[in-house]
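*Asks:* quick one: sequence and predicted model below, then my questions.
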Amino acid sequence: MRGDFSFVLTLVLLFALGVLALAAKIVQKKPNAAELLGKLSKASGVIGIIAALWGVYDLISTLSNISWIARVSVLLLLTALAIEAVFIVLGFIFGYAMVASLLNEQAKAKGEAMRQKLTGFQTTLGYASLILCAWLLLVRIFPRLMFF
């Protein structure tokens, strides 16, 4: 049961992060999507915090089982690490504003500087997030893809 919850949460977070990261491009191509994206953007801080925490949790889990995962499938290991990187970086970008109010001034300045640097990768990570979401669905339907 936990595996299904984990899978669904990962898919939902990947999709939401991808859409949030590409919101400007989506609105540019489909202006009528602005209202729907506006609703999702209101929750971007919460989505970001959940994604970052889930990414750290998954990274710890992956690293603690790395030898087993690598023996089963290197592609599985690379997929897991890519998902965790997307979660942590996009989660930080979107969740930082909510966490910043709890930080002292020096930490805020460092955090904002890091967020500004990472924002340059937002579009690329948005595409990566959606591609990973599609890849996970494909692998769920055709599990042998992970073990070619």
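*Replies:* Thanks, I have the structure now. Numbers count the residues shown, from 1 in each chain.

*Asks:* isn't Leu11 up against Cys133?
*Replies:* Yes - judged on C-beta atoms under 8 Å, Leu11 makes contact with Cys133 at a distance of 5.8 Å. Every C-beta, even on glycine, is put in place using the N, C-alpha and C of the backbone.

*Asks:* with neighbour numbers in mind, choose between these two.
*Replies:* Cys133 (22 against 16; other C-beta atoms under 10 Å).

*Asks:* burial of the closest residue to the more buried one other than its chain neighbours, as a residue count?
*Replies:* Closest residue to Cys133 apart from its sequence neighbours, by C-beta to C-beta, 6 or more residues apart in numbering: Leu14 at 3.9 Å. By other C-beta under 10 Å, 25 other residues sit near Leu14.

*Asks:* so which bits of stretch 20-30 are buried?
*Replies:* By neighbour count with 16 or more other C-beta atoms under 10 Å, stretch 20-30 contains the buried residues 20-23, 26-27.

*Asks:* and the two most separated of those residues?
*Replies:* Farthest apart among the buried residues of stretch 20-30 by C-beta to C-beta are Ala21 and Val27. That separation is 12.7 Å.

*Asks:* how far away is Ser73 from Phe7?
*Replies:* 16 Å (C-beta to C-beta, to the nearest Å).

*Asks:* cool, Gly38 as well?
*Replies:* In terms of C-beta to C-beta, Gly38 sits 29 Å off from Phe7.

*Asks:* go on, Glu105?
*Replies:* Glu105 is 41 Å from Phe7, by C-beta to C-beta.

*Asks:* more neighbours, the two?
*Replies:* Phe7 (13 against 7).

*Asks:* which ones are touching that one?
*Replies:* By C-beta atoms under 8 Å, 6 or more residues apart in numbering, Phe7 lies in contact with 136, 140.
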